[in-house]
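*Asks:* structure for this input, please:
(2 chains)
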Amino acid sequence: MNIRSRLRDRLQTALEGLAPAPDAAVDLAGLAEMVVPSQDPKFGDYQINCAMPLAKALKRPPREVAQELVDRLQVDDLCEAPTIAGPGFINLKVRDDRLVSLLQTAAKDDRLGIAPVAHRKQYIVDYSAPNVAKPMHVGHIRSSVIGDSIYRTLKFLGHNVVGDNHIGDWGTQFGMIIYGFKHFRDDAAYRANPVAELSRLYRLVNQLVGYFEGQAELPKLRQKADAAKAVLAAAQTIAPTGDKNVDKKNAQTLKKAQNDVESSAKAVAELQEKLAAMDADPAVAKLIAAHPKIGAAALEETAKLHSGDEENLKLWQEFMPPCLEALEETYRRLHVTFDETLGESFYHDRLAEVAEDFERKGLARESDGALCIFLPGQETPMLIRKKDGAFLYATTDLATIKYRIERWKPDAVLYVVDHRQSLHFEQLFAAAKLAGYDACDFRHISFGTVLGKDGRPYKTRSGDTVGLKGLLDEAVERAATIVAENDERNPEGPQLSAEERKRVAETVGIGALKYADLSQNRTSDYEFSYDKMLAMNGNTATYMQYAYARVRSIFRRGGVDIEALRAKNIAIELNTPAERQLAVSILRCEEALELALVDFRPNQLTTYLFELASHYSTFFDQCPVLKAPTPELRDSRLMLCDLTARTIKLGLSLLGIDVVEQM
RNA sequence: GCCCCCGUAGCUCAACUGGAUAGAGCAGCCGCCUUCUAAGCGGCAGGUUACAGGUUCGAUUCCUGUCGGGGGUACCA
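*Replies:* Modelled structure (predicted):
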């Protein structure tokens, strides 16, 4: 049961009785939300913060309002007598006998007493969305892992959820692969491992296309660099005027000009270096000479595919199954699942209709030959058809919205996509609204970039993006080392077989990787580090898995019959701060899940689990379980252990992370 | 140019959306294994929340400005 929400209900009732004048701008529902866990145990378990803002609205002294609220608040069945502190904080301490009865209820319930929501909604969660032709890389972890966790949490709380992987299986990258397949393929390699060969072909063609694009770009960059130099030279001739404001402006201009010169020179140098490196490689240079029009040719292959060219379509159909299987393999390893995998190709024959529909309704018009949706307050329009007649990803996204609304009638669609696409989604949602899809709550669940130690997007030493598979292997390998070391160190000698160690390493390694991502506030960029990820302490999956394994160890050693224990109405004793703290922590799980969904931030859940595991560690240290002074206390503590383990297991499962019995 | 995001302890990050003394982990220092897993526990130290104003009982959070960083911005996704 959710103590916090129950307290909110009680507060709501108390607030209604204290109704202000009807014209006063008081948001009762908002005030009733202001029940939060106390920061400091000395203030009790929960605090109510709404007396101060309410006092302002009522133009009365805050402590007086607090007192009146306390008088009206019916909580004596849940809490000890409320107290008022400071400017008007109302502090609440949950009665120990209530904690005990709630724990007993949780013990007997396979959902730990967490009820499904009263009003279930239909959600669609759009996450992962890799490009089929390109191998998944570090950038795909966040979307996959965050989306999967949101999906699991919504579902656990009783909502209807569709997890949809909107894969990129129809874009320009397929033109590149087809071109590569037609000109550069290694048949033996393709037969042996089609995905690896296709991936090689993609990288090769992409590299060659990049060469020519770079060549075209270079003069422009040089021009920009020259222009920057000219601006700088001009700025340097400006003499001080004596006017403070003017001089400050001039100094600013100068600094900016210096920066521009520096960055544009760097861009030129980097590009030159890249092109020179390719020129210097005889094999590459030969291909460059032989395929001068590769960029246009690759686009042509894409266009042919889209217009139903038999040969290209056949190739596409041949390529897709192994590509999809490769994705599946990664998802299996990550424990990420979907209900649907409806990629771009699924929508391709609906695009023309969508574009025409917008045009017919007067929501889109042609501009410079392209069909555009002009949006209120937006400088740049959203293009839904190119001047060559081809469609864009905005078109696909609109078609996807139409399809989803018609098929699932969702209350909300969540797009778990990185923050760089925020403008796109702003436009997309505005366009959807124009089209009349305004009953649905579209949300861009954006997230930051994964950075390397240098603060730049995470890359290998050679500058390539890091493949996801290698990342997983590395995490598991490092976990294996730690698992082995730890097992060897055991005073009673190693406990795990080679097979068990391997399984533990997989669970710990993958868990660490996912947790590192989920424990971060999703909106911020974060620095990727194996060392931090697999740290043996701190807010990591390992720490929680360890806490879980320690509980299980107690049950193993004690030969405890868990089912019998759960069925008994154990009189849980909460006589030490460690035990009481742990009890309160266990009972906060539902609140944590609720909080994690307010803004769809799984890090709220990880924070909770860390607190729970910390409180357990303290308890574990201070309260002997198997050697408790009395049989009653032993049972009581076993109960707390079991509830802790189940809560950790549940919480981690909603993050998509497993536990191990021994580590 | 315009738009969006960010700046918190030496480092990596939190902070329940305006609440009490801004919290963790790492790194540093001091303690704790003949007792259920020391991948642990207890403690110390570390801060002008980039800067300057403003709003109010109260600001890391809201507003304005400044500095610094990142991202986006008409036919890629």
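
*Asks:* please make it C-alpha for all contacts and neighbour counts, starting now.
*Replies:* Will do.

*Asks:* how near is A:Ala32 to A:Glu16?
*Replies:* For A:Ala32, the distance to A:Glu16 equals 10 Å [CA to CA, to the nearest Å].

*Asks:* looking at the two, which is more packed in?
*Replies:* The neighbour count for A:Ala32 versus A:Glu16, taken as other CA atoms under 10 Å, is higher for A:Ala32 (22 against 13).

*Asks:* surely the more buried one touches A:Asp9?
*Replies:* Yes - assessed by CA atoms under 8 Å, A:Ala32 is found in contact with A:Asp9 at 7.5 Å.

*Asks:* is RNA strand B contacted by the helix ranked longest in chain A?
*Replies:* In chain A, taking DSSP state H as the definition, the longest helix is helix A:194-237. No - Helix A:194-237 does not reach RNA strand B (CA under 7 Å from any atom of the strand); its nearest approach is 11.7 Å.

*Asks:* check which helices and strands the following helix or strand past that helix sits against.
*Replies:* Toward the C-terminus, helix A:194-237 is succeeded by helix A:244-280 as the next helix or strand (DSSP states H and E). With contacts defined as 3 or more CA pairs under 8 Å, 6 or more residues apart in numbering; DSSP states H and E, the packing partners of helix A:244-280 are helix A:194-237, helix A:282-290.

*Asks:* from the contact counts, what lies against the first one?
*Replies:* Read that as helix A:194-237. helix A:172-184, helix A:187-192, helix A:244-280, helix A:282-290, helix A:294-306, helix A:310-334.

*Asks:* so for the longest one, mean pLDDT?
*Replies:* The predicted model gives helix A:244-280 an average pLDDT of 78.

*Asks:* how about the strands in chain A?
*Replies:* Under the criterion DSSP state E, chain A contains strands at A:35-37, A:46-48, A:83-85, A:89-92, A:122-126, A:160-164, A:365-367, A:370-373, A:382-385, A:412-418, A:441-447, A:450-451, A:526-527.

*Asks:* residues making contact with the fifth one?
*Replies:* Where contact means CA atoms under 8 Å, 6 or more residues apart in numbering, the residues beyond strand A:122-126 that reach it are A:147, A:150-151, A:159-166, A:408-416.

*Asks:* follow-up on the earlier one: please identify the most buried of the helices and strands packed on helix A:194-237.
*Replies:* helix A:172-184 (a mean of 22; mean count of other CA atoms under 10 Å).

*Asks:* C-alpha coordinates for that helix, CSV please?
*Replies:* These are the backbone C-alpha positions of helix A:172-184, laid out as CSV (Å, rounded to 0.1, in the frame of the first residue of the first chain):
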residue,chain,number,x,y,z
THR,A,172,19.2,5.8,-47.4
GLN,A,173,21.5,3.4,-45.6
PHE,A,174,19.9,0.6,-47.5
GLY,A,175,20.9,2.2,-50.7
MET,A,176,24.5,2.2,-49.5
ILE,A,177,24.3,-1.5,-48.6
ILE,A,178,22.7,-2.4,-51.9
TYR,A,179,25.3,-0.4,-53.8
GLY,A,180,28.1,-2.0,-51.8
PHE,A,181,26.6,-5.4,-52.3
LYS,A,182,26.5,-4.9,-56.1
HIS,A,183,30.0,-3.7,-56.3
PHE,A,184,32.2,-4.7,-53.4
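
*Asks:* next, the angle helix A:310-334 makes with that helix.
*Replies:* Put simply, helix A:172-184 runs at 110 degrees to helix A:310-334, going by axes from the mean of the first three to the mean of the last three CA atoms, to 10 degrees.

*Asks:* tell me the phi and psi of A:Pro61?
*Replies:* phi -60, psi 130 (degrees, to the nearest 10).

*Asks:* which residues touch the residue nearest to it when sequence neighbours are not counted?
*Replies:* Once flanking residues are discounted, A:Pro61 sits nearest to A:Ala55: 6.0 Å by CA to CA, 6 or more residues apart in numbering. Counting by CA under 8 Å, 6+ apart, A:Ala55 makes contact with A:Pro61, A:Pro62, A:Val65.

*Asks:* ok, the second one to A:Ala29 distance?
*Replies:* Meaning A:Pro62. 19 Å.
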